[in-house]
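Chemist: Sharing a model prediction with you, sequence too.
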Number of protein chains: 2
Amino acid sequence: MAASFLAEFELYVMLAIARLGDDAYGAAVRNEIEERADRPVSIGALYATLHRLGNKGLLEFEEADPAPGQRGRPRKYCRLTPDGRYAIEHSTAKLHRMMDGVALADPGNRR
Amino acid sequence: MAASFLAEFELYVMLAIARLGDDAYGAAVRNEIEERADRPVSIGALYATLHRLGNKGLLEFEEADPAPGQRGRPRKYCRLTPDGRYAIEHSTAKLHRMMDGVALADPGNRR
DNA sequence: GTTGTAAACATTACTTTGTAGAGTAATCCG
DNA sequence: CGGATTACTCTACAAAGTAATGTTTACAAC
């Protein structure tokens, strides 16, 4: 049972896959993160992270038989495992506990 | 103007400092994270990260004159700079955009 | 004053994550 | 076949995080 928590970029990748559902594969994950979060995604980091998450048992992969009329190298789809879902839940829950109710509106911090 | 985003642990540290307000110093930050997020905090990571955030201009430090009756080495208080607040806002906003509405309730993912 | 204890910050050597960018593979179409 | 397209891979490096030990400062007992 993988214990630890997800690193910053790992969490982005996992969340993107959760969002994309059955349409999650490398390049789509990249787009999802870049567009939704406006966060640049280094292509090296992306695939390295996907493999790492796979090794940790948080993701599964499946080579798609190339859809008809779809050009280019065939995609390698990925989906969350139960452990993967669990990891997302834990990481986001902890973040929420830290984020909730944090006041940032610089009140001129008296003292 | 520091552009980038906060790493996983960096964000925890920044959020803890935001929470602690005027009472933020190394050891207190450690407690806050360990208790609230139930996330182990390596002491090396903590001070290294504080220094790094200071160098990036996201934090300021102030040596406290040791409070009377307070044993041990004097504390080094830290507070968020405007850039620091901005960094927290951006990092959390991006996370929210990725997290919001993500469904994790494994529906047996048909297909 | 030396010794002991406590609290807090610092350093070191190492592992894990993330970046940048060039490179390779598989498919389609003319 | 040759070119274009899409997607995955690799390599060399930089940044962030871990674990454990070490140092500094202060107080209090003796």
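Modeler: Received it, and whenever you're ready, just let me know what you need.
Chemist: Could you confirm residue A:78 falls within a helix?
Modeler: No: using DSSP: H, G, I helix; E, B strand; the rest coil, the assignment for residue A:78 is strand, not a helix.
Chemist: and the longest helix that chain A contains, which residues are buried?
Modeler: Assignment by DSSP state H gives helix A:82-99 as the longest helix of chain A. Buried residues in helix A:82-99, counting neighbours by 16 or more other CB atoms under 10 Å in any protein chain shown, are found at A:84-88, A:90-92, A:94-95, A:98-99. The way it works is simple: take the backbone N, C-alpha and C, and place the C-beta from them, glycine included.
Chemist: Does DNA strand C have contacts with that helix?
Modeler: No: if you take CB under 7 Å from any atom of the strand as the test, helix A:82-99 misses DNA strand C, and the best it gets is 11.1 Å.
Chemist: Give me the contact list for that helix.
Modeler: Residues from elsewhere that reach helix A:82-99, judged by CB atoms under 8 Å, 6 or more residues apart in numbering or on different chains: A:1-2, A:5-6, A:11, A:14-15, A:17-18, A:53, A:56-59, A:80, B:11-12, B:15-16, B:19, B:33, B:36-39, B:92, B:95, B:99, B:102, B:104, B:106.
Chemist: Quick check: mean pLDDT of it?
Modeler: For helix A:82-99, the mean pLDDT works out to 96.
Chemist: does residue A:5 count as helix, strand or coil?
Modeler: coil.
Chemist: residue contacts, it?
Modeler: Remark: with contacts taken as CB under 8 Å, 6+ apart, residue A:5 is in contact with A:87, A:90-91, A:94, B:8, B:39.
Chemist: Could you rerun that using 6 Å?
Modeler: Residue A:5 sits next to residue A:91 when contact means CB atoms under 6 Å, 6 or more residues apart in numbering or on different chains.
Chemist: could you pull out the helices for chain A?
Modeler: With DSSP H as the criterion, chain A has helices at A:8-20, A:26-37, A:43-55, A:82-99.
Chemist: Name the residues of chain A found near DNA strand C, please.
Modeler: Residues of chain A lying close to DNA strand C by CB under 7 Å from any atom of the strand are A:4, A:7-10, A:40-45, A:48-49, A:52, A:66, A:68-74.
Chemist: Show residues contacting the least confident helix or strand in chain A by mean pLDDT.
Modeler: Ranked by mean pLDDT, DSSP states H and E, the weakest helix or strand in chain A is strand A:59-63, scoring a mean of 93. Here strand A:59-63 makes contact (CB under 6 Å, 6+ apart) with A:53, A:76-79, A:81, A:84.
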